[in-house]
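Novice: Sequence and predicted structure below; questions after.
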Amino acid sequence: MLNFKSVALVLLLVSPSLWAAKIVVHDRMMDHGGGHLMDMGGAMVMGQNIDRVPDGCGTISGTKEITVRAGHKHAKRFPGRMFAFDQQEFNFEPCTKLTVNFINEDKIRHQFMIHGLPRYLYAKGMFHLEVTGPGQVTGTLILPPAKKTYLVHCDIAQHMEKGMKGQMKVGGGDIDLPSIPGVTPYVVQDSYKRTVPLYVPPVDPSVAAKKKNAPYFTVSMIAGLVIGLILLVALASYLKGKQITEIFAALFGYTVALGSKGFNFLKSIFVRLFDKTKKLSFKK
Ligand SMILES: [Cu+2]
């Protein structure tokens, strides 16, 4: 018998939040030195800098901590996109010590990368967080003093092109980057109208020349015509003076004769096959 408690229990069990993928927190990373940390679970930090103050900063201006989520579901707001971060633009004061908690909500690899940082401080000018999800990884860097816009993206093949792209403006930034979903116009704008002409395959010039020089009449074509003419004359002389009913009767007769011959031929094959099988089946 159903009562309130059992209904509540069933509702609780089918609740999607209960079945949502569990976020693994990667907080026991091995420090490989030089700001490079990793674990065996697919989490990585590169370019971590917790204490070296960038040239021109003098001192750390302040500390900030943000949480950035990455996943397929965040792209729903952007038609035609496949992946996205939950936020596309970040603004910080120069020389901020920034800690990023990066949460990958998908069951694939995602990254949070900042590009264009000074190379004397960040290898390849890059700060990199990565986690094979669902999972969370945390890293810290100190932003340079320059008024500049940095590219933020996921570098897994096609993830940026499919929407996982943002920009980080330090001191107000210097430019706006293109194709940031919901922030700046796409370089290649999707269109649902058919504006591109249908594909016409290119013609190989050597094949086209061969076709152009080919003779209008070929030997096989003339032979066919001659044979056709002979047969036509023979048929005409055979049919000469015959009534239309006679012609149909003759055609019917030929068809029946041909059909019965064919039937007999097939029958003989079946009979032979059957005999063979019979002999085989009795062989021991
Ligand atoms: Cu990604």
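Specialist: Thanks, I have it. Note that the coordinates shown come from a computational prediction; the quantities given were computed from them, not determined experimentally.

Novice: what does the model give residue 268 for pLDDT?
Specialist: Looking at residue 268, its pLDDT reads 89.

Novice: pretty sure it belongs to a helix, no?
Specialist: Yes - counting by DSSP: H, G, I helix; E, B strand; the rest coil, residue 268 is part of a helix.

Novice: Quick check: the gap between it and residue 274.
Specialist: 11 Å (Cβ to Cβ, to the nearest Å). All C-beta spots, glycine's among them, are computed from the backbone N, C-alpha and C.

Novice: Pull up the residues of the chain that are close to the ion.
Specialist: 110, 154, 156, 159, 164 (Cβ under 5 Å from the ion).

Novice: Now the buried members of these.
Specialist: 110, 154, 159, 164 (16 or more other Cβ atoms under 10 Å).

Novice: Skip the chain neighbours and tell me the closest residue to residue 162.
Specialist: Sequence neighbours aside, residue 82 is the residue nearest to residue 162 in space, at 3.7 Å (criterion: Cβ to Cβ, 6 or more residues apart in numbering).

Novice: give me the element that neighbour is part of.
Specialist: Using DSSP states H and E, residue 82 sits in no helix or strand.

Novice: so what's it up against?
Specialist: Contact partners of residue 82, counting by Cβ atoms under 8 Å, 6 or more residues apart in numbering, are 72, 75, 159, 162, 163.

Novice: please redo it, this time with the cut-off set to 10 Å
Specialist: 72, 75, 158, 159, 161, 162, 163, 164 (Cβ atoms under 10 Å, 6 or more residues apart in numbering).

Novice: right, and the first one touches residue 86 too?
Specialist: No - counting by Cβ atoms under 10 Å, no contact exists between residue 72 and residue 86, whose distance comes to 11.6 Å.

Novice: how close does residue 38 sit to residue 25?
Specialist: For residue 38, the distance to residue 25 - Cβ to Cβ - is 15 Å.

Novice: Among the two, which residue is more densely surrounded?
Specialist: residue 38 (17 against 14; other Cβ atoms under 10 Å).

Novice: Alright, I will stop here.
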